[in-house]
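Peer 1: Need a 3D model of the sequence below.
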Amino acid sequence: MTAGAVADGFSVDSTGERWVCSGPITFANAGPVLEASRTVPLPRGGIIDCEALHPVDSAAVAVLIAIKRRATQESVALTFVNITPSLHTLADLYGVEELLTA
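Peer 2: Numbering: from 1, shown residues only. Purely as a prediction, here's the structure:
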């Protein structure tokens, strides 16, 4: 997928530096969203903007951790920015907030 292209829940900015995540990530769609994320090259700048993710549930945390794991396997430094309060709360509840904020 090239810069500017969109996959379920993800768009790549025109420079390819960042992903912008939008819409819901819940149990209802987490599988397809994760699969769609695998079709998009990781952002060259390592930035994933989560500001427009809504609504989310614990499945969103699992999807973001899976993307972080992929980045580690591909030796890409990845940073999630604009984490919403609901994502912070869920990540804290599950004891993985440092994975999303580190």
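Peer 1: all contacts plus neighbour counts: C-alpha atoms, from now on.
Peer 2: Will do.
Peer 1: Now do the strands in this structure.
Peer 2: For the chain, the strands defined by DSSP state E occupy 6-7, 10-12, 18-25, 47-56, 79-81.
Peer 1: want to throw those into JSON lines with mean neighbour count?
Peer 2: Output for the strands of the chain, formatted as JSON lines (neighbours: other C-alpha atoms under 10 Å):
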{"stretch": "strand 6-7", "mean neighbour count": "18"}
{"stretch": "strand 10-12", "mean neighbour count": "23"}
{"stretch": "strand 18-25", "mean neighbour count": "21"}
{"stretch": "strand 47-56", "mean neighbour count": "18"}
{"stretch": "strand 79-81", "mean neighbour count": "17"}
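Peer 1: T89 is nearest to which of those?
Peer 2: Set against T89 and scored by C-alpha to C-alpha, the strands of the chain come closest in strand 47-56, at 10.8 Å.
Peer 1: which strands and helices sit next to the closest one?
Peer 2: strand 18-25, strand 79-81 (3 or more C-alpha pairs under 8 Å, 6 or more residues apart in numbering; DSSP states H and E).
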